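*Asks:* how would this look folded up:
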Amino acid sequence: MKSLPEYEDIEDAIALQEDVASAAELHGLFCGMQCAKPGLDAQTCLQLVFGSGKGAVSDDDLEQMIALCESVREELSSLDFSFGLFLPDDDEALYERAQALGEWCQGFLYGLGAQAESTSWHGECQEILRHLVDIAQLDADAAGEENEAAFMELSEFVRMGVQLIYGETRAAAQPSRVH
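*Replies:* Next comes the predicted model:
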C-alpha cells in the first residue's frame with residue numbers, strides 16, 4: 001500500500017485551488033466518489049474535482065493528490081479495515097481538527113452525491129448519511145479541549161460509517177450470483 005502524503009503537503013498543494021477548502025475536504029471528496037463508484041481511478045477523480053484547473057498544480061503537487069486518491073481506493077477496498085480519515089495531526093488544536101472533520105464530511109457528501117447513480121439509501125446507510133450531514137455542520141467553536149473524547153468518537157463513527165456505505169455500494173455494484 002502506498003504511503004499517504006503529509007496533511008500539510010496536500011494543504012499546500014490545494015492552496016491556490018478554489019474548488020476545495022482543505023486537505024480533509026479533498027480526501028472526503030475522493031472517499032465519497034469511491035463509495036459511489038468503487039474503483040474510480042485517480043485521474044478521473046482529479047478531473048471531476050478540479051476540471052481543467054488542475055493544470056495550475058505543479059507536477060509534485062499533482063503526484064501527491066494522485067497518491068492521496070489512490071490510497072483512498074486501496075484502503076476502502078482492503079479487507080483489513082486500514083481506512084482512516086485524513087485529518088490534521090492530533091497535536092493540532094481540537095478546534096482545527098473539528099473544523100476539518102466537518103469539511104471532510106462536506107466533501108464526502110458532495111463526492112457521494114455527485115457520483116451516485118441513485119439517491120435512494122436504505123437502513124443503516126440512510127441513518128449514517130443523516131449523521132454525516134449533522135457532523136458537516138459541526139460548530140468547531142464549541143469544541144473545547146474537554147471534548148477530545150467526543151471528537152474521537154465522532155471520527156470513529158465517520159470512519160466506520162464510510163466503510164459500511166462503501167461495502168453496501170460495492171455489494172450493489174457486484175453482479176448477483178445464482179447458485
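
*Asks:* what about the helices in this structure?
*Replies:* Under the criterion DSSP state H, the chain contains helices at 7-14, 23-36, 42-50, 59-77, 94-115, 123-136, 148-173.

*Asks:* and those helices as a markdown table, adding distance to Gly84?
*Replies:* C-beta here means a position set from N, CA and C on the backbone, and glycine is covered the same way. Converted to a markdown table, the helices of the chain look like this (distance: least, Cβ to Cβ, whole Å):
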| stretch | distance to Gly84 |
| --- | --- |
| helix 7-14 | 12 |
| helix 23-36 | 10 |
| helix 42-50 | 18 |
| helix 59-77 | 7 |
| helix 94-115 | 11 |
| helix 123-136 | 16 |
| helix 148-173 | 6 |
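
*Asks:* quick check: which of the ones you listed is buried the most?
*Replies:* Of all the helices of the chain, helix 23-36 carries the top mean neighbour count, a mean of 27, counting by mean count of other Cβ atoms under 10 Å.

*Asks:* dump it to CSV, keeping only the CA atoms.
*Replies:* Taking Å, rounded to 0.1, in the frame of the first residue of the first chain, the C-alpha atoms of helix 23-36 are listed here in CSV:
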residue,chain,number,x,y,z
ALA,A,23,-7.0,18.6,2.5
ALA,A,24,-9.7,17.0,4.7
GLU,A,25,-12.4,18.1,2.3
LEU,A,26,-10.4,16.8,-0.7
HIS,A,27,-10.0,13.4,1.0
GLY,A,28,-13.7,13.3,1.8
LEU,A,29,-14.5,14.1,-1.8
PHE,A,30,-12.3,11.2,-3.0
CYS,A,31,-13.9,8.9,-0.5
GLY,A,32,-17.4,9.9,-1.5
MET,A,33,-16.6,9.3,-5.1
GLN,A,34,-15.1,5.9,-4.4
CYS,A,35,-18.2,5.0,-2.4
ALA,A,36,-20.5,6.0,-5.2
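
*Asks:* what's the angle from it to helix 59-77?
*Replies:* Here helix 23-36 points in a direction 50 degrees away from that of helix 59-77 (axes from the mean of the first three to the mean of the last three Cα atoms, to 10 degrees).

*Asks:* so what's the residue nearest to the spatial centre of the chain up against?
*Replies:* In the chain, the C-alpha nearest the mean C-alpha coordinate belongs to Gly28, at 1.9 Å (Cα atoms, centre = their mean). By Cβ atoms under 8 Å, 6 or more residues apart in numbering, the residues touching Gly28 are 103-111.

*Asks:* before I go, just wanted to say thanks for your time.
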